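1. below is the sequence, then the predicted model.
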Amino acid sequence: MSSSFRAPLLSPSDEIDLVALVKGIWQQKMLVLLMTFVVGFIAAAYAFLATPEFQVSSILRPAAINELDALNRSEIYKLPPGDALIKVGAALESYDTRLGFFKENQKLFKEFERPGRTLEQSFEEFNRNSISLILPDAKRANSLSAYIKLEMNYPEGVDGVSILNDFIEYAISSERQHISADIDVIVKNRLAELSGKLEAARTSYNTTKEAKIASLQESDALKRAQLQDELKALRNQLRTQRSNRMDQLSEAIGIAKTLGIRKPTTPSSLGDADRTSSATVMRTEVNGQQIPLYFMGVEALEAERSALAVRKSDDFVEGRIAQISKELQLLQANREVEVLTQRKNDDLFLAGVEPLRAEVVRLRNLNIDMANLKLVAIDKQALEPLSPLKPKKSLAIALGLMVGLLLGLVLASIRYAIHVRRDSESARLRTQGIESRKEKALVSNDSR
């Protein structure tokens, strides 16, 4: 090919003429066509022999508010739709979640297994190159709503649609289980807290009741002791009064015997006892002073002293003693203490625990259907792709032909430039040789 190629002569300016360049490349058209064919053939071979790679995607958006209403109204777990979407996105991006899905669905990943690789190594290749999570650009204000896009690239022979859809369901189910476990822990903790508050209320009530019973019993004991002391003092007082009365009577009896007063009399009657008179006299005596006891006469005084001497109890003399006996009888049993000690269900009398009991009942009867809890809305499920992502055969062949053509043109241009440079050097050397021979001829003529 190169033997038939002749570069046109250079212009005196020693510059490559564009027309001459085109003619030179045209003379090498077979080289250009050959390079175009070779590179195009290589591109076509890649396009038809390379393993096709497909891409599927799925888009998740926040769930409707009513889907999470039961959970949020429980007052124990708040989960707005946006937060639920973030939780699911974190689960989709979690290495642990992906590994768990990989282990539970090994049949779907047969194509990723290689001899000599462990299960974790096969998963690492899948996790690194296959699934990618795409979030909306926070700097873009034209995004109508939050979303999460999940893309998966997979070679031919892999059920990528099932892998992506099942993985999303697995991540949602896993996050749903985590939320359910969190709710169970929160409910148990709150029930334990409420149980502690109820137990504290019971302890406080029991302490208050025991203190009240002890206070009532102490008050009764004190009152009983005071009444008994009062009763004893009254009896001693009455006994002393009786003894003093007997002494007074004994003294009055002695005076009455000395005066010879046997029957009750008065001082005026005693003065007129020795007077005799035939007429009947009626006497009225007004005396502001107390008549001495001995005027009662010996008989009356001895009779009273004898009665006092044989008296066994003075209780009937003082009315207060009967009142004290009544009060002591009432103090034998404190009915309030009996009622307090005979209560069978003290919880009925706990104060301020009605809200706690209502909350315990509410938490124990809490029924959230976690199995049907919709955390996110699947806006677009993965569908079977119509064509592979790569290689794109027509594009690969077209690019191969273009690259081959450009490479052929570049090689032809380089060969043309080399031949032009070589011809220029040859022409310059020939010119120098001719001039040299002319100069030698002139010198020879001059010497003759």
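-> All right, it came through fine. On a predicted model such as this, the values are computed, not experimentally measured, just so you know. Numbers count the residues shown, from 1 in each chain.
2. quick one, what contacts the nearest residue to Asp369 once chain neighbours are set aside?
-> Counting by CB to CB, 6 or more residues apart in numbering, Asp369 lies nearest to Ala70, which is 7.2 Å off, once chain neighbours are set aside. Just so you know, the C-beta spots here come from the backbone N, C-alpha and C atoms, and that holds for glycine as well. Each residue near Ala70 by CB atoms under 8 Å, 6 or more residues apart in numbering is listed here: 368-369, 373.
3. how about Asn129?
-> So Asn129 contacts Asn153 (CB under 8 Å, 6+ apart).
4. going forward, count from 45.
-> Let's use 45 as the start, then, which means that last one is Asn173.
5. okay, it: pLDDT?
-> Confidence at Asn173, expressed as pLDDT, is 70.
6. with Leu271 instead?
-> 94.
7. surely it touches Leu372?
-> Yes: contact criterion CB atoms under 8 Å: Leu271 and Leu372 qualify, at 5.4 Å.
8. more crowded one of those two?
-> Taking neighbours as other CB atoms under 10 Å, Leu271 and Leu372 compare with Leu271 leading, 17 against 14.
9. so that one, which state does it fall into?
-> helix (DSSP: H, G, I helix; E, B strand; the rest coil).
10. re earlier: ok, the residue nearest to Asp413 to Glu398 distance?
-> 26 Å (CB to CB, to the nearest Å).
11. what's the answer for Ala107, then?
-> Ala107 is 37 Å from Glu398, by CB to CB.
12. who has more neighbours out of those two?
-> Ala107 (21 against 9).
13. average pLDDT for stretch 400-416, rounded please.
-> Mean predicted confidence for stretch 400-416 is 87.
14. what's the answer for stretch 470-489, then?
-> 72.
15. same check, this time on stretch 83-93
-> 77.
16. which outside residues touch it?
-> 435-437, 440-441, 443-445, 447-448, 451.
17. quick one: that stretch to chain centroid distance?
-> Its chain's average C-alpha position is 60 Å from that of stretch 83-93, according to CA atoms, centre = their mean, to the nearest Å.
18. ok, stretch 248-262 next?
-> 40 Å.
19. would you list every one of the strands in the protein?
-> All strands of the chain, identified by DSSP state E, fall at 97-106, 175-178, 192-199, 420-424.
20. buried sites along the shortest one?
-> Using 16 or more other CB atoms under 10 Å as the burial criterion, the residues of strand 175-178 that qualify are Ile175.
21. residues in contact with it?
-> 133, 136-137, 142, 192-196, 208, 211.
22. what is the most widely separated pair among those residues?
-> Arg142 and Lys193 (16.6 Å; CB to CB).
23. out of these two, which sits in the busier spot?
-> Arg142 (20 against 15).
24. quick one: the residue nearest to that one when sequence neighbours are not counted from Tyr139, how far?
-> Leaving aside its chain neighbours, Arg142 sits nearest to Asn171 (5.5 Å; criterion: CB to CB, 6+ apart). Taking CB to CB as the measure, Asn171 and Tyr139 are separated by 7 Å.
25. which of these two has more residues huddled nearby?
-> For Asn171 versus Tyr139, the count of surrounding residues by other CB under 10 Å is larger for Asn171: 15 against 10.
26. ok, that one - contacts?
-> Per CB under 8 Å, 6+ apart, neighbours of Asn171: 139, 142-143, 146.
27. nearest to Ser312 among these?
-> So of the contacts of Asn171, ranked by how close each gets to Ser312 (CB to CB), first place is Tyr139, at 132.9 Å.
28. that closest one and Glu168, how far apart?
-> 10 Å.
29. cool, and Arg289?
-> 120 Å.
30. same thing with Val420?
-> 27 Å.
31. between these two, which one's more packed in?
-> Val420 (24 against 16).
32. surely that one touches Ala134?
-> No: using CB under 8 Å, Val420 is not in contact with Ala134; the gap is 12.0 Å.
33. now the helices for this structure?
-> For the chain, the helices defined by DSSP state H occupy 62-71, 73-93, 113-116, 125-137, 139-148, 163-173, 204-303, 311-315, 342-354, 363-374, 379-385, 398-408, 437-491.
34. for Gln425, which of those helices is the nearest?
-> helix 204-303 (5.8 Å).
35. tilt between the closest one and helix 342-354?
-> Helix 204-303 runs at 150 degrees relative to helix 342-354, counting by axes from the mean of the first three to the mean of the last three CA atoms, to 10 degrees.
36. so what does helix 204-303 touch, helix or strand wise?
-> strand 97-106, helix 125-137, helix 139-148, strand 192-199, helix 342-354, helix 363-374, helix 379-385, helix 398-408 (3 or more CB pairs under 8 Å, 6 or more residues apart in numbering; DSSP states H and E).
37. averaged pLDDT, the fourth one. What do you get?
-> In this case it means strand 192-199. Mean predicted confidence for strand 192-199 is 85.
38. check the fifth one too.
-> Confidence over helix 342-354 (mean pLDDT, whole number) is 90.
39. list the buried residues for that helix?
-> For helix 342-354, by 16+ other CB under 10 Å, it's 342, 344-346, 348-349.
40. nearest residue to the residue nearest to the spatial centre of the chain other than its sequence neighbours?
-> The structure's the chain has its C-alpha centroid closest to Ile230; by CA atoms, centre = their mean the separation is 6.1 Å. Excluding its sequence neighbours, the residue lying closest to Ile230 (CB to CB, 6+ apart) is Ile120, at 5.1 Å.
41. what's the neighbour count on that neighbour?
-> 17.
42. that one against Val231, yeah?
-> Yes: counting by CB under 8 Å, Ile120 touches Val231, with 6.5 Å between them.
43. between the two, what contacts are shared?
-> 407, 410.
44. and the contacts of stretch 273-280?
-> Taking CB under 8 Å, 6+ apart as the rule, stretch 273-280 contacts 358-359, 362, 364-365, 368-369, 372.
45. and those residues, which are buried?
-> The buried subset of these (16+ other CB under 10 Å) comprises 358-359, 362, 365, 368.
46. so which of those comes closest to Leu266?
-> For the buried ones among the contacts of stretch 273-280, the nearest to Leu266 is Ile368 (14.7 Å; CB to CB).
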